[in-house]
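Colleague: the amino acid sequence is not available; the structure is as follows:
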């Protein structure tokens, strides 16, 4: 019996050691930025650590145009834990490198002449009329603002807010401002990334302490502060795969209510007597980035936006051989009529709202982001008119901020937030 136990312990120990010895693969652009001219040779430096075979042998790789269409594959030798892969692209666009070393994987990205990356489809001729009609429908519904003040420690006043939306739905959110700031305040609206979850008070109280009139709305027609079981039930039930609900009909898309919620939140802030009338900043990441760009295109009372790895860009990218962004309607039509999904997607594509943005815009993208791939996001950014816009390319960034890979974006975001709160000029880079 003791031998059996000892053997089990040994096996467990070996499994633990093996897992700890998993190779660490780091992929970095040879020029550090990952930004190249069309036709220029891109390179990626691959580093392998903690390998069981001493970090020698070979790595296999594939290179995909736009993160979708394979354009190269092969193997390169690894010597002393180092290898190099090279590739190029003759036209504006992006490349995604996927590296395999045994069971371990790594990613690298590159972008070529990014200012020349274009959207994959034309916008509908009646795009403006469609949204004008939807806004008219919203405005026919009284706001019916309900504020519930709750206790909040410190020098911040805090409220839950509810407003009416179309089709009998509600907008739920939270609002905060400093008790120590008299007079009129700059406003900030934070919109949320994908998922079904509660809102945290600090998402508005933190901004309030910095002098903002801060508002934050949940993306769904659900309360903001229920217990975990409530949100799990919603996620497994009515809100399961919400991003694809109604996506074959422009009048029934789940995003219709969400987009109009953002519009109404901006209207509400702009009508408050304590708004300073100058700064109305909308910020968010992923699905929140989608909403930030969208609402700036719909409502020109927005005076600045910041969108980190924005979703919903270039829905039709898959039709031209490059990966489209979340929610990837075209890639997975769920048994629906694909032509109807394509047609509906164009009314919700952030690319088409970007053309109508009339305020300073900050956008961050990750070159190895598979959720919101860089080609479509950059195509969206290129549609924003004027020069008061800044794109921050994070060469090592996936969709999440793994290993602080989004730091280049957040450094600029911090400067913008501070400048906007004090009415100072924005850092537009070089």
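Modeller: Received it, and whenever you're ready, just let me know what you need. Keep in mind that what you see is a predicted model, and the values were worked out from it rather than measured.
Colleague: make it CA atoms for all contacts and neighbour counts henceforth
Modeller: Fine.
Colleague: leaving out the residues flanking it, which one is nearest to the residue nearest in space to the middle of the chain?
Modeller: In the chain, the residue lying closest to the centroid (C-alpha atoms, centre = their mean) is residue 286, at 1.7 Å. Spatially, and ignoring its direct neighbours in sequence, residue 286 is nearest to residue 310 (4.2 Å; C-alpha to C-alpha, 6 or more residues apart in numbering).
Colleague: hey, where'd the helices end up in the stretch 101-250 of the chain?
Modeller: 127-139, 202-209, 228-236 (DSSP state H, counting those that start in this stretch).
Colleague: which of these has the highest mean neighbour count?
Modeller: helix 202-209 (a mean of 21; mean count of other C-alpha atoms under 10 Å).
Colleague: now do it: distance to the chain's middle.
Modeller: Mean-position distance between helix 202-209 and its chain equals 21 Å (C-alpha atoms, centre = their mean, to the nearest Å).
Colleague: do stretch 290-310 as well
Modeller: With C-alpha atoms, centre = their mean, you get 12 Å for stretch 290-310.
Colleague: from what I see, residue 193 and residue 287 are in contact.
Modeller: Yes: the criterion here is C-alpha atoms under 8 Å, and residue 193 meets it with residue 287 at 4.4 Å.
Colleague: more neighbours, these two?
Modeller: residue 287 (23 against 19; other C-alpha atoms under 10 Å).
Colleague: any idea how far that one is from residue 307?
Modeller: Distance of residue 287 to residue 307, computed by C-alpha to C-alpha, to the nearest Å: 9 Å.
Colleague: cool, and residue 256?
Modeller: Distance of residue 256 to residue 307, computed by C-alpha to C-alpha: 20 Å.
Colleague: for these two, indicate the residue with more neighbours.
Modeller: Taking other C-alpha under 10 Å, residue 256 and residue 307 do not tie; residue 307 has more neighbours (27 against 17).
Colleague: next secondary structure element downstream of the host helix or strand of that one?
Modeller: Assessed by DSSP states H and E, residue 307 sits inside strand 304-308. Using DSSP H and E, the helix or strand that follows strand 304-308 in sequence is helix 338-345.
Colleague: in that next one, what's buried?
Modeller: For helix 338-345, a neighbour-count test (16 or more other C-alpha atoms under 10 Å) marks 338, 341-345 as buried.
Colleague: just checking, what packs against the next helix or strand after that helix?
Modeller: Sequence order places helix 350-354 as the next helix or strand after helix 338-345, per DSSP H and E. Applying 3 or more C-alpha pairs under 8 Å, 6 or more residues apart in numbering; DSSP states H and E, we find helix 350-354 packed against helix 287-298, helix 374-383.
Colleague: next one: helix 350-354 to chain centre, how far?
Modeller: Relative to its chain's centre, helix 350-354 lies at 14 Å (C-alpha atoms, centre = their mean).
Colleague: helices or strands up against the following helix or strand past it?
Modeller: Counting by DSSP H and E, the next helix or strand C-terminal to helix 350-354 is strand 361-366. Using 3+ C-alpha pairs under 8 Å, 6+ apart, the elements in contact with strand 361-366 are strand 304-308, helix 374-383, strand 389-394, helix 407-422.
Colleague: switch to 10 Å and redo it
Modeller: Here strand 361-366 touches strand 275-285, helix 287-298, strand 304-308, helix 374-383, strand 389-394, helix 407-422, going by 3 or more C-alpha pairs under 10 Å, 6 or more residues apart in numbering; DSSP states H and E.
Colleague: dump these into TSV; add distance to residue 244 and mean pLDDT as well.
Modeller: Shown next, in TSV, are the helices and strands packed on strand 361-366 (distance: least, C-alpha to C-alpha, whole Å; pLDDT from 0 to 100):
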stretch	distance to residue 244	mean pLDDT
strand 275-285	19	98
helix 287-298	13	98
strand 304-308	22	98
helix 374-383	19	98
strand 389-394	29	98
helix 407-422	29	97
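Colleague: what's the closest of those to residue 260?
Modeller: helix 287-298 (8.5 Å; C-alpha to C-alpha).
Colleague: isn't residue 202 right next to residue 215, touching?
Modeller: No: counting by C-alpha atoms under 10 Å, residue 202 stays clear of residue 215, with 11.1 Å between them.
Colleague: overlap of the contact sets of these two?
Modeller: 176, 208 (C-alpha atoms under 10 Å, 6 or more residues apart in numbering).
Colleague: in three-state terms, label residue 300 for me.
Modeller: Secondary structure, DSSP: H, G, I helix; E, B strand; the rest coil: residue 300 is coil.
Colleague: how many neighbours does it have?
Modeller: Residue 300, neighbours per other C-alpha under 10 Å, totals 16.
Colleague: same check on the one 4 residues further on?
Modeller: As a burial measure, residue 304 scores 27 neighbours (other C-alpha under 10 Å).
Colleague: show me how this structure divides into domains.
Modeller: Listed domain ranges for the chain are 21-116, 127-422 (source: automatic domain parsing).
Colleague: what packs against the strand or helix carrying residue 58?
Modeller: Per DSSP H and E: residue 58 is located in strand 57-65. Strand 57-65 sits against strand 69-78, strand 82-88, strand 93-101, strand 104-112, with contacts defined as 3+ C-alpha pairs under 10 Å, 6+ apart.
Colleague: repeat the analysis, applying 6 Å as the threshold.
Modeller: Judged by 3 or more C-alpha pairs under 6 Å, 6 or more residues apart in numbering; DSSP states H and E, the packing partners of strand 57-65 are strand 69-78, strand 93-101.
Colleague: each with direction, which strands does the shortest one pair with?
Modeller: It stands for strand 93-101. strand 57-65 (antiparallel), strand 104-112 (antiparallel) (DSSP bridges).
Colleague: out of those, the one nearest residue 374 is which?
Modeller: Minimum separation from residue 374 across the strands paired with strand 93-101 (C-alpha to C-alpha) falls at strand 104-112, 8.3 Å.
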